[in-house]
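Q: Have a look; sequence and predicted model below, questions after that.
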Amino acid sequence: MNASMLSYILLSCVLLSVQAQRCQVNDIIRYTTILLNESLASCPCRETAASACSCLPIPEPGHELACFVEGTEHMLQNNMASKEILFINRSFQIQRDRNLCESLTRGKKCQYKTKGDVKTFLKEILKTYQAIKK
């Protein structure tokens, strides 16, 4: 391996580290894990307006932040407010508005093909941020 290849690899690692830091990866993973362990995560997906259970958007690649903002806002509006949801919702809004996690923000509009229950939505958040952390 030559010196230029080594410097390229080191620079790539630094950039990924900076992106992970700017995306608040560790905090989002921690809070999402806490939410997955709470009882609200087991609520099945129901589309009826009277239901406390929610169907949340499972984002298309590149639209994660817009859908994560939309989904967590829906959770906050439907009596699922907690310090964890407030934190990750605010983090997602900042990341989206400032384009901090470029790979997750191709558009400010949520695009999705499917919806899922709260647990599926939270698992999608966890999977997305764990991939950034790697």
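A: Cool, got the structure. In this text the structure is predicted, and so the values were computed from the model without any measurement.

Q: use CA for all of it now, contacts and neighbours both
A: Will do.

Q: separation between Cys43 and Cys55?
A: 10 Å (Cα to Cα, to the nearest Å).

Q: Look at the two and report which has more neighbours.
A: A count of neighbours by other Cα atoms under 10 Å puts Cys55 above the other of Cys43 and Cys55, at 21 against 14.

Q: which residues sit in contact with the more buried one?
A: 45-47, 115-118 (Cα atoms under 8 Å, 6 or more residues apart in numbering).

Q: follow-up on the earlier one: hey, what's in contact with both of Cys43 and Cys55?
A: By Cα under 8 Å, 6+ apart, the residues touching both Cys43 and Cys55 are 117-118.

Q: Which residues belonging to the helix or strand hosting Lys123 are considered buried?
A: Assigned by DSSP states H and E, Lys123 belongs to helix 118-133. Neighbour-count burial for helix 118-133, counted by 16 or more other Cα atoms under 10 Å, picks out 118-126, 128-129, 132-133.

Q: would you turn those residues into CSV with distance to Glu64?
A: Output for those, formatted as CSV (distance: Cα to Cα, whole Å):
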residue, distance to Glu64
Val118, 15
Lys119, 16
Thr120, 14
Phe121, 11
Leu122, 12
Lys123, 13
Glu124, 9
Ile125, 8
Leu126, 11
Thr128, 8
Tyr129, 10
Ile132, 12
Lys133, 16
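
Q: No further queries at this time; thank you.
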